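Participant: need a structure here:
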Amino acid sequence: MSRKLRRCGGIGLIFVCTLSLVLTVPAAPSDNGWAAYPEPDDAARFLEYSTWGPYSALIGELHQNSIHRFLDDQFAEPPSGYPTLPLVPATIPADCDTTCRRDNYSLYPIQTRFYRNALYGIDQLRQRVAFALHQIIVVSGVDITHPSRMTPYLQILDRNAFGNYRQLLYEITLNPAMGNYLDMAGNNATNPNENYAREVLQLFSIGLNQLNEDGTNVLGDNGKIVPAYDQSVVNAFARVFTGWNFAPPPYSGVVNYIDPMVATQNRHDIQPKTLLNGVTLPRNQTAAKDLSDALDNIFNHPNVGPFIGKQLIQHLVTSNPSPAYVQRVARVFANNGVGVRGDMKAIIRAILLDPEAAENPPQDLSRGHLKHPILLVTGLLREFNAQSIAGDGSPSDGYLNPQNQSMGMDLFAPPSVFSYFSPATGVPGSTLRGPEFGILNTSTSIRRTNFVNTMVFSRVNVSANAPYGTALDFSAIQPLSNNPEQMVLTLNTLMMSGRMSGPMADAIVAAVKAVPATDSLKRARTAVYLIATSAQYQVTR
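Facilitator: Modelled structure (predicted):
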């Protein structure tokens, strides 16, 4: 028996794909639905989940070296990260000029660093997971405007992306930026503040309602949803989190946002506290002991696996995972196979290697998600070798936040503790979840098109904030311009993981042929523009 296979060969950084008739070929060993050595379309799709965007050389590397080796290598990569920045006074000094204000009192340094990491960093999977965690465990630059104050929070996410969720909860609880953002810093026994207590339960760990292992709500005998806790539990956790404040400053005139918060025992509530599932902390415990016991109480709640696992699936793979998918991930959260709970590496493997992630095409067309603006920016730029406008291969300066900001997503400055968009947001006109649709409207959809137009037909020019600018490089696909069918087929793998419909391909080929064959650059740009502005590109399945 014979079958049609897609074979790809390299031209520059682009894989040229052709259809050829071959004799029966044994399938590569399968791993939960993925071929161990995936064909280019599947490799590109796997990279959409696990990186800031595929490019041809990386597609080829995954095809040749296997998914397992890719994951092992990614888990071994240290963070590109964010350097610790010097702390500055809360009040802007009179002699602090425009550049000083930009570099010390705005998010500019960490936003540009984020994009340089995303475009060029090797630790792609760590970056994707850390950003997913940022969207779940929110500290916002709307309130924490100093980059030096935000950096330790970002370092925690990087450091724990491949660690254990219990350790992440501990470090984030004592992070000074979080302490400021949700009012745990300065919390005291005489007037406990419940902000952090409420959000660590509702958003960072278990959610509002009791969950089955598959993420569906537990229903009581009356058929109604069963709450996971009540106000008395929130009050008890508020009392747990008393006595903590900023560590001593490294020097006079600044607040210490670098070191974890420290306890002052005489400001801590030492009375008994009844937490989740009726667990009671005894009288006269230290602030540190209460904190540790309370985080154990949260971490071991059966909701954490399905609640956090589902959100990680939504951020990495699909907005509408099936209950069975959530259950498989939740079971790995509960036990990584050797008795460890909360092992992030095992959880990430379970998410990325799940049969539902590997379905191509998905059996259920609701399996997918709208690319949020940052994914749209990074994906397009990585696909076409983003560099400075000098055209000599030197890197972009990373000044790209204005692009995603105009599309409704201001990097590291989500509007609330519920992040850039709520995970409960639905796709308009349907019963499907579609969190990213929360920031899609008439204005932002037009700005998405404008962004693509800017990058494909123009560039981000040099300015005071963009010393090198950003431009795309189409030189690798220009040689295909005399064969529009081949160009579109190649771009289908690179940009859409082979998902492009026949009518869409035909329309783009026709549009490319309408451009004079002598203008190879315009032909390439036309094809890329039409793909990148399409719904089929911006909604991944």
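Participant: Helix, strand, or coil at L125?
Facilitator: Classification of L125 using DSSP: H, G, I helix; E, B strand; the rest coil returns helix.
Participant: give me the number of residues near the closest residue in space to it that isn't next to it in sequence?
Facilitator: Once flanking residues are discounted, L125 sits nearest to Q74: 3.9 Å by Cβ to Cβ, 6 or more residues apart in numbering. From N, CA and C alone the C-beta is placed, and that goes for glycine too. Around Q74 there are 21 other residues, counting by other Cβ atoms under 10 Å.
Participant: And the pLDDT at Q74?
Facilitator: Looking at Q74, its pLDDT stands at 98.
Participant: now do T431
Facilitator: If you check T431, the pLDDT there is 86.
Participant: Next: G12.
Facilitator: With respect to pLDDT, G12 scores 38.
Participant: just to revisit the earlier point, which neighbouring elements make contact with the helix or strand containing the residue nearest to L125?
Facilitator: Here Q74, judged by DSSP states H and E, is contained in helix 67-76. Packing partners of helix 67-76 (3 or more Cβ pairs under 8 Å, 6 or more residues apart in numbering; DSSP states H and E): helix 40-50, helix 124-136, helix 344-353.
Participant: possible to save those helices as CSV with mean pLDDT and distance to D296?
Facilitator: Below are the helices and strands packed on helix 67-76 laid out as CSV (pLDDT from 0 to 100; distance: least, Cβ to Cβ, whole Å):
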stretch, mean pLDDT, distance to D296
helix 40-50, 96, 31
helix 124-136, 98, 20
helix 344-353, 98, 18
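Participant: Is it possible to get CSV of the ones you listed that adds distance to D97 and mean neighbour count?
Facilitator: Shown next, in CSV, are those (distance: least, Cβ to Cβ, whole Å; neighbours: other Cβ atoms under 10 Å):
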stretch, distance to D97, mean neighbour count
helix 40-50, 42, 23
helix 124-136, 31, 23
helix 344-353, 42, 22
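Participant: so which of these comes closest to Q387?
Facilitator: helix 124-136 (18.0 Å; Cβ to Cβ).
Participant: elements contacting the closest one?
Facilitator: With 3+ Cβ pairs under 8 Å, 6+ apart as the test, helix 124-136 has helix 40-50, helix 67-76, helix 147-160, helix 304-316, helix 344-353 packed against it.
Participant: give me that answer again for 10 Å
Facilitator: Counting contacts by 3 or more Cβ pairs under 10 Å, 6 or more residues apart in numbering; DSSP states H and E, helix 124-136 is packed against helix 40-50, helix 67-76, helix 108-120, helix 147-160, helix 165-173, helix 304-316, helix 344-353, helix 373-383.
Participant: Now do the first one against helix 373-383, angle only.
Facilitator: This means helix 40-50. Relative orientation of helix 40-50 versus helix 373-383 (axes from the mean of the first three to the mean of the last three Cα atoms, to 10 degrees): 140 degrees.
Participant: when you give positions from now on, start the count at 20
Facilitator: Sounds good: first residue 20 from here, last item helix 59-69.
Participant: Check which element follows helix 59-69 along the chain.
Facilitator: With elements assigned by DSSP H and E, the helix or strand that comes after helix 59-69 is helix 75-84.
Participant: in the stretch 20-169 of the chain, what spans have low per-residue confidence?
Facilitator: The stretch 20-169 of the chain contains residues with pLDDT under 70 at 20-51.
Participant: Please enumerate residues in contact with the helix holding Q93?
Facilitator: 48, 50-51, 53-57, 61-62, 65-66, 69-70, 77, 80-81, 84-85, 141-148, 180-181, 363-364, 367-368, 371-372, 377 (Cβ atoms under 10 Å, 6 or more residues apart in numbering).
Participant: Next, the angle from whichever helix or strand comes after that helix to helix 127-139.
Facilitator: Later in the chain than helix 86-95, the nearest helix or strand by DSSP H and E is helix 117-124. Per the same axes, to 10 degrees, the angle that helix 117-124 makes with helix 127-139 is 80 degrees.
Participant: List the buried residues of helix 117-124.
Facilitator: Buried residues in helix 117-124, counting neighbours by 16 or more other Cβ atoms under 10 Å, are found at R121, N123, Y124.
Participant: Now do the helix holding Q93 against helix 59-69: the angle between them, please.
Facilitator: Going by the same axes, to 10 degrees, helix 86-95 makes 30 degrees with helix 59-69.
Participant: where do the strands sit along the stretch 270-419 of the chain?
Facilitator: Using DSSP state E, counting those that start in this stretch, the strands of the stretch 270-419 of the chain run over 281-282, 292-293, 299-300, 388-389.
Participant: Nice, that's everything, thank you.
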